[in-house]
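Enquirer: Following is a predicted model, sequence given first.
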Amino acid sequence: MAALVVLTAAAGVANARPHAAPKVPDLTGDWSTASLTDLERPDDFKSLLITDAEAAKFEKAHRGQPPPGADDEDDKAIGASQGKWWETDVGMIRVRGQVRTSWIVDPADGKRPFTAAAKAARKARQARMKRPPENPEERPSSERCLEPGAAAPLIAGGYNDNYTLLQTPDRLMIYAEWMRDTRIVRIGDTAHPPASVRVAGGDSIGRWEGAALVVETTNFSPDEVAAPDGDRAADMRVVERFTRLSPREIHYAFSVTNPARFSQTWRAETVLHPANGRIYEFACHEGNYALANMLAAARRLEGRTIDGVAAGAR
């Protein structure tokens, strides 16, 4: 009887030992989202999925070429598309073997569902960019090296589409080559700051759902929400899912909910593949001189005529 008691007690001690935490995939590495597939579906295609033959035809025509509309007025004076390094010498994305014509999978047309007010605001902004600037606020934040490159969601821009992911048990660091920006995801945290607290790039918390790291980001700065009516209380919610499919592929899916700009939640997905080499510093410096020079030039143009039209009337 005594021996039986000892064995039972020993078994109880063994069962009381803490269990090891479940093993989760490691997302650490240097990754890229570069591809010939854009966020939105081009007019070349009418459906989300195409055949390999159709993809090969599109890739042959577009590999190594600048994205459509890449040349702007500033570029034309300094070599146009030849003055930039576009990461287009790649193929279209293939998600689980299927060739995709856009990242966006919902809505079905592959376009972001802007509200009428948001469309009007975008059109007005584009018009402002075509005339000499009257103040710094009329210029994009990227000219002041303030654009968050690691903010959710991670959207490709044609170049510098590279990221370093560094994972620990309770954090995921996302370092973007674009603007040298860094986002920290708090894994296991369940609460965002109060709605009054706004952060450039948003506040990100994550949780594991099986093999997928689910990241929810809110508390974006008002400019990022881009409410056409200037509503500072408006917010955006982005939910990302990082799923390691293989040593050379991470499935990346996300949804964006932002009633200030979009008529519905829209969803997209793509794959992250290993970056082609190390990620080096993106030393943004445009704001050091260019912004002041553009404003000074605009002042000099006041009172003169451009194409026969008074600059002040443009």
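Expert: Good, I have the coordinates.
Enquirer: list the contacts for S32?
Expert: E87, D161, N162, Y163, L272, H273, P274, A275, N276 (C-beta atoms under 8 Å, 6 or more residues apart in numbering). Using the backbone N, CA and C atoms, a C-beta is placed for each residue, glycine as well.
Enquirer: Quick one: buried ones out of these?
Expert: Neighbour counting over the contacts of S32 (16 or more other C-beta atoms under 10 Å) leaves E87, D161, N162, Y163, L272, H273, A275 as the buried ones.
Enquirer: For the second one, give its distance to V239.
Expert: D161 sits 21 Å away from V239, taking C-beta to C-beta, to the nearest Å as the criterion.
Enquirer: shaky segments in the stretch 101-250 of the chain?
Expert: The model of the stretch 101-250 of the chain has pLDDT under 70 over residues 132-133, 230.
Enquirer: hmm, 90 instead?
Expert: Of all residues in the stretch 101-250 of the chain, those with pLDDT under 90 make up the ranges 117, 121-149, 156-160, 178-181, 200, 221-224, 226-234.
Enquirer: Break down it into its helices, ranges please.
Expert: Using DSSP state H, counting those that start in this stretch, the helices of the stretch 101-250 of the chain run over 116-129, 222-225.
Enquirer: Take these and lay them out in CSV including distance to A234 and mean neighbour count.
Expert: Shown next, in CSV, are the helices of the stretch 101-250 of the chain (distance: least, C-beta to C-beta, whole Å; neighbours: other C-beta atoms under 10 Å):
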stretch, distance to A234, mean neighbour count
helix 116-129, 12, 12
helix 222-225, 5, 16
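Enquirer: Could you dump these into a markdown table and include distance to R244?
Expert: Formatted as a markdown table, the helices of the stretch 101-250 of the chain follow (distance: least, C-beta to C-beta, whole Å):
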| stretch | distance to R244 |
| --- | --- |
| helix 116-129 | 35 |
| helix 222-225 | 28 |
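Enquirer: which stretch among those comes nearest A292?
Expert: Evaluated with C-beta to C-beta, those place helix 116-129 nearest to A292, the distance being 17.8 Å.
Enquirer: How far off centre is the closest one?
Expert: Mean-position distance between helix 116-129 and its chain equals 21 Å (C-alpha atoms, centre = their mean, to the nearest Å).
Enquirer: ranges for the strands of the stretch 51-200 of the chain?
Expert: For the stretch 51-200 of the chain, the strands defined by DSSP state E, counting those that start in this stretch occupy 94-95, 98-100, 104-106, 162-168, 171-176, 182-187.
Enquirer: tilt between the last one and strand 162-168?
Expert: Pointing back at strand 182-187 there. For strand 182-187 against strand 162-168, the angle by axes from the mean of the first three to the mean of the last three C-alpha atoms, to 10 degrees is 30 degrees.
Enquirer: sorry, back to before: now render the buried ones among the contacts of S32 as JSON lines, adding distance to E209.
Expert: JSON lines is the format used below for the buried ones among the contacts of S32 (distance: C-beta to C-beta, whole Å):
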{"residue": "E87", "distance to E209": "31"}
{"residue": "D161", "distance to E209": "26"}
{"residue": "N162", "distance to E209": "27"}
{"residue": "Y163", "distance to E209": "21"}
{"residue": "L272", "distance to E209": "18"}
{"residue": "H273", "distance to E209": "23"}
{"residue": "A275", "distance to E209": "26"}
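Enquirer: List just the nearest of the residues you listed to D109.
Expert: Closest approach to D109 among the buried ones among the contacts of S32 (C-beta to C-beta): D161, at 24.0 Å.
Enquirer: State the distance from that closest one to R125.
Expert: Distance, D161 to R125, using C-beta to C-beta: 24 Å.
Enquirer: and stretch 215-235, which residues are buried?
Expert: 215-221, 224-228, 234-235.
Enquirer: Among those, give me the pair with the biggest separation.
Expert: Comparing every pair within those by C-beta to C-beta identifies V215 and P228 as the most remote, at 27.1 Å.
Enquirer: For G110, the count of nearby residues, please.
Expert: Neighbour count of G110, defined by other C-beta atoms under 10 Å: 23.
Enquirer: Numbering from 20 from now on, please.
Expert: Yes, from this point I'll number from 20; that puts the last item at G129.
Enquirer: Now for it: which residues touch it?
Expert: Neighbour list for G129: E59, R60, F64, L67, T120, S121, I123 [criterion: C-beta under 8 Å, 6+ apart].
Enquirer: so how far is L67 from it?
Expert: 6 Å.
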